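[1] Kindly generate the corresponding structure for this input.
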Amino acid sequence: MNDISILIVEDEQRLAEILKKQLKESGFSVDTASDGYIGKQLLESNKYNLIILDINLPLINGYDLCSEIRKTNSKIPIIMLTALGTPDNKVAGFKVGADDYVIKPFDFRELLARINVFLRRSDSTMPEKLSLADLEMDLSTKSVTRANIRIVLTAKESSLLEYFLRNKGKLLTRESIIEHVWGIDFDPSTNIIDVYVNYLRKKIDKDYEPKLIHTKFGFGFYFNDKEL
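    Numbering: from 1, shown residues only. The predicted structure follows:
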């Protein structure tokens, strides 16, 4: 999915960097802009598949930038990500052309789900299925098969598997898994990651070859059809 490019226009540097890291780990190409003017320049010189836009921005605010974008591009999905959560703020955002409105603080999993919905609507190149070896996950139904045998997963097991599939071949730390599957406020001292990885192993690896979930002791896990 690295051909899918997202622009984040956000003046809170720490938030922008965290969001950029999370989206890149989810397989997207990401650029950031710290004010509306830089955001406008990037939009004029690059092609993006989706924009995440704050409202309270230096130089050009989010409302004005959204309105400018809509003069030349009526189709690109724009998600406003802001602390301004009154009904008037939301109505103003939708009036200038925003497709969605997410209020800070937010859960990254919810934002990612919204991003994927808009990308599937606007871009036919978005994959409908993720796969590795003989395992396949249908993103539209969340159904999973291995060797053409249906595997029933819980919602959390499904989220964990999707994160593994989107990052196959990459070493994933427990911290990154907690952040993307459980949320950034989850207690990192818990052993819940190991518990759910074990659940998933029993369902997708125990009776199959090759094994797909691998542990790199002291570092984390990786999802691959061979050991690295």
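[2] Ramachandran angles for Asp138?
    phi -90, psi 120 (degrees, to the nearest 10).
[3] Leu172 too?
    phi -110, psi 120.
[4] partner residues bridging it?
    Here Leu172 sits in beta bridges with Phe221, going by DSSP bridges.
[5] Report pLDDT for it.
    Model confidence at Leu172, given as pLDDT, is 91.
[6] Thr72 now?
    Per-residue confidence (pLDDT) for Thr72: 86.
[7] so what secondary structure elements neighbour the longest helix anywhere in the chain?
    For the chain, the longest helix by residue count, based on DSSP state H, is helix 108-122. Contacts defined by 3 or more C-beta pairs under 8 Å, 6 or more residues apart in numbering; DSSP states H and E place helix 108-122 against helix 13-25, strand 50-53, strand 78-82, strand 100-103. All C-beta atoms are positioned from the backbone trio N, CA, C, and that covers glycine.
[8] Would you indicate which residues of stretch 135-149 are buried?
    By neighbour count with 16 or more other C-beta atoms under 10 Å, stretch 135-149 contains the buried residues 135-137, 139, 144, 146.
[9] among the residues you listed, which one has the lowest pLDDT?
    Leu139 (80).
[10] Contact partners for Ser176?
    25, 220 (C-beta atoms under 8 Å, 6 or more residues apart in numbering).
[11] And it, which helix or strand is it part of?
    If you go by DSSP states H and E, Ser176 is part of helix 174-177.
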